[in-house]
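Asker: sequence below, structure please.
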Amino acid sequence: MTNLSEYDYTLPKHLIAQTSLPNRADARLMVVHRGSGEIEHYHVRDLPQLLRPGDVLVLNDTRVIPARLIGRRIETGGRWEGLFLEADSTGIWRLLAHTRGKPASGESIRLINAHGAEDVNLRLVARLPQNPGEWLAVPDSDEDALTLLGRVGRVPIPPYIRGGEMMEIDRQHYQTVYARVPGAVAAPTAGLHFTDKLLSQIRGNGIVIEYVTLHVGLGTFQPIKHPQIEQHKMHSEWGTVPPDTAERLRAAHAQGRRIVAVGTTVVRLLETAAREGELQPFSGETDLFIRPPYQFRFISAMMTNFHLPKTTLLVLARTFGGDELIRKAYEEAIREQYRFYSYGDAMLIL
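Answerer: Model (predicted):
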């Protein structure tokens, strides 16, 4: 058994990035070489030179939806906060709700839109017994969920960024420039560093770019709570590797070209699709928890941000990069004043 305390570290608060850089690609990039143990310092804009012609860069094209909801309980006037998770074909929403009181089934919430004005009502239908914080709810609107969320929702900024309070610029900055498929409630943060110009330069250097989709869920940033990490139950997220993409990736891998996963979400999805040994098309839920002594089947390198202590993301990074080497890299990142977490700097593990 592995003690959770092995994945703890102390981070000075001022190193938690609160905003994105004006030019995303100006973020620093620590390059960690697994073979030699060498650590080098670059910027994300240097990626076209750091990667090789023929490498395949795999990006997650999920799109963050404005899932955070603010409202007031009509019966009591008390503040209510929720997080939209999904909607079914009949228009019933599943969401997480936070309030000081104990709302009852049938109670209505008046949602407050992004401009601070009262908007539509949301009726709480039923509390889900398997998770007391989850509810089924029905909005008093004929609009589809994404249209309605565009008006009443806020970007679900993590709590370590300004206490979770969105600024209008987050609608742009907490989204990759290639985001295409709506469904995530958190950003695939390693991808936040790319610009259209950088992607063009990468292609121009003979590096192939492929896209897969994994909708980042609420559990992504949740800390592991069990003292032994093996006892942690991994959250499930929906993802897809389309058949044509899988075919091209499989051919590139067979040719010995490097598969460079951008973000832990891409790592988990590709490793799930390759669970039988060879990458296959995939569409569905994955709850793959990558931890020692996991043996990677498909990816050759990964780009990732610096992660919170005691999280599955940090466990994954240290499993791929080597425990002692990534520990050393984090110590150096703190010493060199790298910016951490969602809006922070990045690491390329080769």
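Asker: residues of stretch 129-149 that come out buried?
Answerer: If you call a residue buried by 16 or more other CB atoms under 10 Å, then stretch 129-149 has these buried ones: 134-139, 141, 145, 148-149. Every C-beta, even on glycine, is put in place using the N, C-alpha and C of the backbone.
Asker: contacts only, for Asn23.
Answerer: Thr195 (CB atoms under 8 Å, 6 or more residues apart in numbering).
Asker: distance between the ends of stretch 314-328?
Answerer: This stretch, stretch 314-328, spans 13 Å end to end (CA to CA, to the nearest Å).
Asker: how about stretch 78-94?
Answerer: Taking CA to CA, the first and last residues of stretch 78-94 lie 21 Å apart.
Asker: what residues does that stretch touch?
Answerer: 65, 67-73, 95-101, 103, 109, 122, 125, 128, 134-139, 144-145, 149, 153, 156, 185, 217-218.
Asker: how about the closest residue to Gly191 other than its chain neighbours, what does it touch?
Answerer: Excluding the flanking residues, the one nearest Gly191 by CB to CB, 6 or more residues apart in numbering is Thr176, at 4.1 Å. Contact criterion CB under 8 Å, 6+ apart gives 59-61, 187-188, 191-192, 194 as the residues in contact with Thr176.
Asker: secondary structure element holding Gly71?
Answerer: Per DSSP states H and E: Gly71 is located in strand 68-73.
Asker: next SSE downstream of that strand?
Answerer: According to DSSP H and E, the helix or strand after strand 68-73 is strand 79-87.
Asker: now the strand holding Gly71 against strand 79-87, angle please.
Answerer: 130 degrees (axes from the mean of the first three to the mean of the last three CA atoms, to 10 degrees).
Asker: packing partners for strand 68-73?
Answerer: Packing partners of strand 68-73 (3 or more CB pairs under 8 Å, 6 or more residues apart in numbering; DSSP states H and E): strand 79-87, strand 108-112, strand 118-127.
Asker: which residues sit against that strand?
Answerer: 78-84, 95, 99, 101, 103, 107-112, 118, 122, 152-157, 164, 166.
Asker: hmm, try it at 7 Å
Answerer: Strand 68-73 is contacted by residues 78-84, 99, 103, 107, 109-112, 122, 152-156 when judged by CB atoms under 7 Å, 6 or more residues apart in numbering.
Asker: mind listing what's buried along stretch 98-110?
Answerer: For stretch 98-110, a neighbour-count test (16+ other CB under 10 Å) marks 99, 103, 107-110 as buried.
Asker: which member of these is positioned nearest His14?
Answerer: Taking CB to CB as the measure, His14 sits nearest to Thr99 out of the buried residues of stretch 98-110, at 32.6 Å.
Asker: can you list the buried residues in the worst-scoring helix or strand of the chain on mean pLDDT?
Answerer: Sorted by mean pLDDT, DSSP states H and E, the helices and strands of the chain end with strand 93-98, the least confident at a mean of 90. Buried residues in strand 93-98, defined by neighbour count with 16+ other CB under 10 Å: 93-97.
Asker: any weak-confidence spans in this protein?
Answerer: 220-221 (pLDDT under 70).
Asker: quick one: contacts for the residue located most distally from the centre of it?
Answerer: Computed with CA atoms, centre = their mean, the residue of the chain farthest from its C-alpha average is Glu75, at 36.0 Å. Contacts for Glu75 (CB under 7 Å, 6+ apart) come out as Glu107.
Asker: returning to that earlier point: out of the helices and strands packed on strand 68-73, which is closest to Gln228?
Answerer: Shortest separation from Gln228 across those is recorded for strand 79-87, at 28.4 Å, computed as CB to CB.
Asker: now do the closest one: distance to the chain's middle.
Answerer: Distance of strand 79-87 from the chain centroid (CA atoms, centre = their mean, to the nearest Å) equals 18 Å.
Asker: what lines up beside that strand in the sheet?
Answerer: As defined by DSSP bridges, the strand partners of strand 79-87 come to strand 68-73 (antiparallel), strand 93-98 (antiparallel).
Asker: can you put those strands in TSV and add distance to Gln295?
Answerer: Supplementary listing: these in TSV, determined by distance: least, CB to CB, whole Å:
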stretch	distance to Gln295
strand 68-73	38
strand 93-98	35
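Asker: relative to Gln201, which of those strands is closest?
Answerer: When these are compared by CB to CB, strand 68-73 sits nearest Gln201, at 34.5 Å.
Asker: now that closest one: how far from the chain's centre is it?
Answerer: 24 Å.
Asker: looking at the buried residues of strand 93-98, which is nearest Gln222?
Answerer: Leu96 (11.8 Å).
Asker: residues near the spatially closest residue to the closest one that is not a sequence neighbour, how many?
Answerer: Nearest non-adjacent residue to Leu96, counting by CB to CB, 6+ apart: Leu83, 4.4 Å away. Residues lying near Leu83 (other CB atoms under 10 Å) number 19.
Asker: tell me what Leu83 is bridged to.
Answerer: On the basis of DSSP bridges, Leu83 takes part in beta bridges with Arg68, Leu96.
Asker: residue contacts, Arg258?
Answerer: Counting by CB under 7 Å, 6+ apart, Arg258 touches 52, 55-56, 300-301.
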